[in-house]
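Participant: Sharing a model that was predicted from the sequence below.
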Amino acid sequence: MTRAPVEVAWFSALCDDDYELLGVPDLSLRSSWDHCRDIVLAADRHRYDSVLLPSGYALGIDGTTFAAGVAPSLEQIKLLLAVRGGEMWVPQLARQLASLDRMLGGRLDVNVISSELPGETLDASPRYARTLEVMEVLRALLDGRAVEHHGEFIDLELEPPSVRTVSGRSPRFYFGGLSEPAREVAAQAADVYLMWPDVLPVVAATVDDLRARAERVGRTLRFGYRCHVIVRESESEARAAAARLVSRLDDAEGRRIRERSLDSGSAGVRRQAELRAAAEDDGYVEPNLWTGIGRARSGCGAAIVGDPDQVLAKINAYRALGIEAFVLSGYPHLDECDLFARYVLPHLEHGPLRTAPDDVAQ
């Protein structure tokens, strides 16, 4: 069966999320310009299609500043820049993103995070309502359209900024979240619904649900999968590498790491905890899907573990369910970037996610 190419992205650990042994701090792997730049340059050199630049107010260095700094050094890779929608005044964010897109020659996508303001506490329902307004106004400005928006959170009449993206249209919006309001925002305003690891039947059900929600409002969604990976020449070596990764992890330290994240109480994080609880004693919740990483990480908490053929087969199983983009990572991020590029990437037909003819821009 002929499959369409998939987009394969790596991850740069801007949010102080890099370890050789989970829960054991290593100053050389802390979030810094040098370290995170090296990861991005390695992904570019290995011909990954994109790299995710994560964002967390209390953790690591600033993604937008980092993106501007690294852009001139990149040859072909796209940047998937995470932006915390609640933290920025939308017209200024639009100017920043359009400027970045031009610096990158049009190679910018945006991962929209439904965030609170630093220090703010806002219930999920109004937070997602604000996120929807942010995405609608941001897309209009980046599409070069004048805005007349009188909402609960944004009251604005404004012409678009003079700086435009290379295409003249908004970059693609990636967005995730499992709660009911998150799913509705994705259906109405996202281009790519980005989900965290789960067992195959749940991935299938999630794709079906989000696709139906989008169709009800006359839109088309694409689907992405954010997951860790541990690939070695043999399955036994991969499983040994996974076991070593948590071999010095203290449970109290793992809990502290999880709880310091601003999204530690979200529906998605709860689902990752459910996967860990459902796993076997060795942490595997289904063949080649290991939940041990979630013991010391809030958010994406599972890894595809196996030899090259097993990892490739797992990725193809997700592709069969409708996944078109993969955002992968591993520990340490630079080392695992090299290993995946050596063992799996050459066997995947991949390329930047194309704009489908029936994509609807809102």
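Facilitator: Happy to help now that I have it. Numbers count the residues shown, from 1 in each chain.
Participant: Quick one: name whatever helix or strand follows the lengthiest strand in the chain.
Facilitator: If you go by DSSP state E, the chain has its longest strand at strand 222-231. Tracing the chain past strand 222-231, the next element assigned as helix or strand by DSSP states H and E is helix 235-245.
Participant: and stretch 225-242, which residues are buried?
Facilitator: For stretch 225-242, a neighbour-count test (16 or more other CB atoms under 10 Å) marks 225-232, 235, 238-239, 241-242 as buried. Every residue, glycine included, has its C-beta placed from N, CA and C.
Participant: ah, wrong one, I meant stretch 155-168
Facilitator: By 16+ other CB under 10 Å, the buried positions in stretch 155-168 come out as 156, 160, 161, 164, 165.
Participant: Can you tell me the element the closest residue in space to the last one that isn't next to it in sequence falls in?
Facilitator: Put plainly, it is residue 165. Using CB to CB, 6 or more residues apart in numbering and skipping residues adjacent in sequence, the residue nearest residue 165 is residue 101, 4.1 Å away. Secondary structure assigned from DSSP H and E places residue 101 in helix 90-103.
Participant: Remind me what that helix packs against, helices and strands.
Facilitator: If contacts are counted by 3 or more CB pairs under 8 Å, 6 or more residues apart in numbering; DSSP states H and E, helix 90-103 sits against helix 63-70, strand 78-84, strand 108-113, helix 124-142, strand 155-158.
Participant: So which of the ones you listed is nearest residue 324?
Facilitator: Smallest distance to residue 324 across the helices and strands packed on helix 90-103 (CB to CB): 12.9 Å, for strand 108-113.
Participant: Contacts for the closest one, please.
Facilitator: Strand 108-113 is touched from outside by 50, 52, 54-55, 67, 78-85, 97, 100-101, 131, 134-135, 165, 171-175, 190, 192, 194, with contacts defined as CB atoms under 8 Å, 6 or more residues apart in numbering.
Participant: any idea of the angle it forms with strand 222-231?
Facilitator: 90 degrees (axes from the mean of the first three to the mean of the last three CA atoms, to 10 degrees).
Participant: average model confidence for strand 108-113?
Facilitator: For strand 108-113, mean pLDDT rounds to 97.
Participant: mind starting the numbering at 234 from now?
Facilitator: Taking 234 as the first residue, the last one we looked at is strand 341-346.
Participant: That strand pairs with which strands?
Facilitator: strand 311-317 (parallel), strand 406-408 (parallel) (DSSP bridges).
Participant: Tell me how far the residue located most distally from the centre of the chain lies from residue 362.
Facilitator: Taking CA atoms, centre = their mean, the residue of the chain most remote from its mean C-alpha position is residue 390, at 31.7 Å. Counting by CB to CB, to the nearest Å, the gap from residue 390 to residue 362 is 20 Å.
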